[in-house]
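Visitor: Structure here, sequence nowhere to be found:
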């Protein structure tokens, strides 16, 4: 009798016996259980180990398949290829041993990255410990290698299982600075490891490890007195030593350099804060280059190496010239002579591409510790000064490295005219990427010319460049950017024969403001000896503004002497309030007409830490000089335009009237002048925070009898007119110095500006320009686009004075050849109604979206996601216009006049939501978007993507809306409605993304910018 066939359809009810419940007819068929064990094992090869172990409990057949798979598997990855993650939690010693016993043929175990391991077992306490892991590994007889990142575990493997290799790159994950005392590692000579990355570890010594190929030491404390005594790694290809706490004696680094020379395949050498002996590398190279020492280097990095000499670097470069790709040079070696010597060597560098001049390690740039603290923690005692390379040296750079593609220059203050870098022998014909950081003396106009002459330049990055000149330069006759303070400039020009610098720096804050600058050195002597008349010098000259500051000129004999300005005190100066009540003090007006009494309205500080001239305790004034004026006299020029004079006079008269109306109060030096007073020649200003004082220049000498009696000070505080952000606090508001960066380049793709002092950015002719990024550019105001048709990304973050209306108008008036996204982080409140009116009512042929994001700290999820789907919206419209004869919308001046009121001829709507706890709002006239958001997922939907409408504005991958063609299937009804109502669409879209985290005016720290 033939065997009975199983029924294809089972009863819907339950079985009468106690067996398994029968399947219902409507339940889907279980295809997995019909697969063979071999097929299931093949599928398991593509699954993470965590998922494979979960299948063990689903069915008997899957459990059998998992057991078979583990029995034959040779390579297992506990982190599923994600080496930066930790292995699944929940293991204890017994469970991990049970798992590895199921894998008798295991040869390579990757991803052994436990989050925490106990050092030893505790009886009666189940935990995951180092002895337990070792016992489990020893249960695999064929084990060849393990990948881990645990310091104590790798040392235990080296000690108890020396035959096991450490796979991949060993990187410890608990590194920090200051170096934790518990992070310890002893490297045995027999260690089977190829790549060792140690960060923040205490290591006794670096021994001879024959297999080691890549050694990376960062924040490593070498505890033995002679840590490199046995160093010899003949297979070494990469050696990086950064900011390590090693021996301070330079002689102890001799074995290190000789050991590196014996590594014939060494390709990358990075030494940062390594105090090796100066000249040592030169001698080692001389001894080893014939046998191949340092011949294969492609990357050389010297940073903060205290004793490094030019010959050390030069010999390395010459030896490695055939394969050298990248060179980073510390500031002390960034000199003209280095490249002049290389030019004389007449070498070729066929593979050279990257040069970094003035290189400073990022840890030293970002570390908030002082130099003494770094030395206390064991780092070498090094203080770097800026590089001294000049325009001549940079010119030679390209003559030496003719194929250079990437150039980064950091803090080289002696560079002035970049357009002089280009000569017949130095054309920079292959330069692609240019980065300048803190090169303050580079001239903006010359830089623009340089950019225009570079044929292949694609990317520009400027950081702390073209800083705005201090306020008041024009008023005191200093040229901007000289870095010369007023007081030091005057002293050095007037008293060059005396010891002025020492005297000036120690008493700058206490200089008497009304005394002649010529007598600065004698002011403090008069404090003790009493008043004495100044001695006029026949060689005294006239200081006039010149291209580099103050230039001394001689006054012809017989010319009238300078008029002494009358110095008046400000009513809201706290420093004067204490001085006004001093008894027995002569009045300010009792100055001799023959003595030049001039107080500068402001001072230009050479650095942020300098103290401006301030009113201190003023000594007794000198006795009146003889009536006969000397043949030569000294005069300081103040460049003030007539418009400023009139404005100053008007402001002074108004404030004077307010003071008189306020009644008696604090002491005052005299009434303010009136605009009609014939004695007034220059006008007067106010006192700012930097120490400027009110001054009045008259057209005739003043005698004590001409001075009005002192009046009580009015108890009214005038509003300060100076810019808070200036270093000099000029009493009259002064506009920012206009600095225009003009870009004209055929291949330029993008520019990044950070902390730059330019006010205007002009794109003259940039046919390939695609992005503009500007961050923390305090005085950047305007953008002018003359010809940049495809630029599509604009980022303006924390630009305090940006003219948003002007910038948006410039961008939106560009021909609609690209979709554009504009990201802004304004530092003031935005009038959203006026902004919507400007964008939606204007003659801009785009569909527009305004997104208000309120996350703080800033979240860039919405910004990044918008860039992924805004093109899809535009592509749908383009497809309809080109192939479906859909009407195209227009936005001419007639259309603007036709729709003068909301919604200005557009279909405007609002989308709101919350992302990571922060609200957002999107005001837009984008077509198709609402329908696509509301649609159900289709067959192309991908659920491995983490976003949906609850975490971002629109998640097309969750919907399966991966292309314009797929989306058009979803929005067919909306397309028909628009066609019937004859509502056209634009081909391009613009998104304005406003992040309001900086709106209170205080910038928020953000890693993404």
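Guide: That came through, no problem. For clarity, every value in this text was computed on a predicted model and none was experimentally measured.
Visitor: Identify, by residue count, the longest helix of the protein.
Guide: Longest helix in the chain, counting residues (DSSP state H): helix 861-883.
Visitor: what helices or strands is it leaning on?
Guide: Judged by 3 or more C-beta pairs under 8 Å, 6 or more residues apart in numbering; DSSP states H and E, helix 861-883 is in contact with strand 820-825, strand 847-853, helix 956-959, helix 964-970, strand 989-995. Every residue, glycine included, has its C-beta placed from N, CA and C.
Visitor: Report the buried residues of it.
Guide: 861-863, 865-867, 869-881 (16 or more other C-beta atoms under 10 Å).
Visitor: Nearest to residue 438, out of the helices and strands packed on helix 861-883?
Guide: Of all those, strand 820-825 sits nearest to residue 438, with 23.6 Å by C-beta to C-beta.
Visitor: okay, now residue 742: neighbour count?
Guide: Close neighbours of residue 742, defined as other C-beta atoms under 10 Å, add up to 19.
Visitor: sorry, that was for residue 951
Guide: As a burial measure, residue 951 scores 16 neighbours (other C-beta under 10 Å).
Visitor: Ramachandran coordinates for the residue lying closest to it once chain neighbours are set aside?
Guide: Of all residues not flanking residue 951 in the chain, residue 915 sits nearest, at 5.9 Å (C-beta to C-beta, 6 or more residues apart in numbering). Main-chain torsions, residue 915, degrees, to the nearest 10: phi -120, psi 120.
Visitor: residues touching residue 915, list them.
Guide: Going by C-beta atoms under 8 Å, 6 or more residues apart in numbering, residue 915 touches 853, 855, 859, 861-862, 951-952.
Visitor: Just give me the least confident of those.
Guide: Least confident of those in the model: residue 951, at 74.
Visitor: surely it meets residue 917?
Guide: No. Assessed by C-beta atoms under 8 Å, residue 951 is found out of contact with residue 917, at 10.8 Å.
Visitor: circling back to that earlier point, return the set of residues that bridge with the residue nearest to residue 951.
Guide: As for beta bridges, residue 915 partners with residue 918 under DSSP bridges.
Visitor: Columns distance to residue 769 on top of the contacts of residue 915, output as a markdown table?
Guide: Shown next, in a markdown table, are those (distance: C-beta to C-beta, whole Å):
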| residue | distance to residue 769 |
| --- | --- |
| 853 | 26 |
| 855 | 30 |
| 859 | 29 |
| 861 | 27 |
| 862 | 26 |
| 951 | 33 |
| 952 | 29 |
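Visitor: And the furthest pair within those?
Guide: Maximum distance among those (C-beta to C-beta): 13.5 Å, for 853 and 951.
Visitor: Let me know the pLDDT of residue 584.
Guide: The per-residue pLDDT reported for residue 584 equals 43.
Visitor: correction: residue 1006
Guide: Note for residue 1006: predicted pLDDT of 70.
Visitor: how near is it to residue 913?
Guide: Note on residue 1006: its distance to residue 913, by C-beta to C-beta, to the nearest Å, is 22 Å.
Visitor: my guess is residue 273 contacts residue 380, does it?
Guide: Yes. Residue 273 lies in contact with residue 380 (C-beta under 8 Å); the separation is 4.9 Å.
Visitor: Between the two, which contacts overlap?
Guide: 304, 306.
Visitor: Give me the neighbour count for residue 150.
Guide: Neighbours around residue 150, by other C-beta under 10 Å: 21.
Visitor: How many residues are close by residue 132?
Guide: 22.
Visitor: How much space separates it from residue 852?
Guide: As judged by C-beta to C-beta, residue 132 and residue 852 stand 55 Å apart.
Visitor: Could you do residue 183 as well?
Guide: Distance of residue 183 to residue 852, given as C-beta to C-beta: 46 Å.
Visitor: Can you give the contact residues for the longest helix of the chain?
Guide: With contacts defined as C-beta under 8 Å, 6+ apart, helix 861-883 is touched by 819, 821, 823, 847, 849, 851, 853, 886-888, 915-916, 920, 926-929, 947, 951-956, 961, 963-965, 967-968, 971, 975, 985-989, 991, 993, 995.
Visitor: What is the three-state secondary structure of residue 109?
Guide: Classification of residue 109 by DSSP: H, G, I helix; E, B strand; the rest coil places it in strand.
Visitor: follow-up on the earlier one: next helix or strand past the longest helix of the chain?
Guide: Downstream of helix 861-883, the first helix or strand assigned by DSSP states H and E is helix 893-898.
Visitor: May I see the buried residues of that next one?
Guide: Buried residues in helix 893-898, counted by 16+ other C-beta under 10 Å: none are found.
Visitor: what mean pLDDT does it have?
Guide: 88.
Visitor: now it, how far from the centre of its chain.
Guide: Chain-centre distance of helix 893-898: 44 Å, with C-alpha atoms, centre = their mean, to the nearest Å.
Visitor: Which residues does it contact?
Guide: If you take C-beta under 8 Å, 6+ apart as the criterion, helix 893-898 is touched by 841-843, 904-905.
Visitor: Go again with 10 Å.
Guide: Outside helix 893-898, the residues that touch it by C-beta atoms under 10 Å, 6 or more residues apart in numbering are 841-845, 889, 892, 904-905.
Visitor: Hmm, residue 929 and residue 970 touching each other?
Guide: No. With contacts counted by C-beta atoms under 10 Å, residue 970 stays clear of residue 929, the gap being 11.6 Å.
Visitor: after the helix or strand where residue 69 lies comes which helix or strand?
Guide: Here residue 69 sits within helix 60-72, counting by DSSP H and E. Next along the chain after helix 60-72, taking DSSP H and E as the criterion, comes strand 75-77.
Visitor: who does that next one pair up with?
Guide: By DSSP bridges, strand 75-77 pairs with strand 108-112 (parallel).
Visitor: Name the next helix or strand downstream of the partner strand, please.
Guide: Using DSSP H and E, the first helix or strand after strand 108-112 is helix 130-138.
Visitor: That next one packs against which elements?
Guide: Applying 3 or more C-beta pairs under 10 Å, 6 or more residues apart in numbering; DSSP states H and E, one finds that helix 130-138 makes contact with helix 93-101, strand 108-112, strand 145-148, helix 151-160.
Visitor: wait, which of the ones you listed is closest to residue 122?
Guide: Residue 122 lies closest to helix 93-101 among the helices and strands packed on helix 130-138, at 10.7 Å (C-beta to C-beta).
Visitor: what comes up buried for the closest one?
Guide: Residues 93, 96-97, 99-100 are the ones in helix 93-101 that count as buried (16+ other C-beta under 10 Å).
Visitor: Closest one of the residues you listed to residue 470?
Guide: Using C-beta to C-beta, the buried residues of helix 93-101 come closest to residue 470 at residue 96, 66.6 Å.
Visitor: Return the distance of that closest one relative to residue 140.
Guide: Residue 96 sits 12 Å away from residue 140, going by C-beta to C-beta.
Visitor: Would you format the helices and strands packed on helix 861-883 as TSV with mean neighbour count and distance to residue 145 included?
Guide: Below are these laid out as TSV (neighbours: other C-beta atoms under 10 Å; distance: least, C-beta to C-beta, whole Å):
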stretch	mean neighbour count	distance to residue 145
strand 820-825	22	47
strand 847-853	22	48
helix 956-959	21	38
helix 964-970	16	46
strand 989-995	24	48
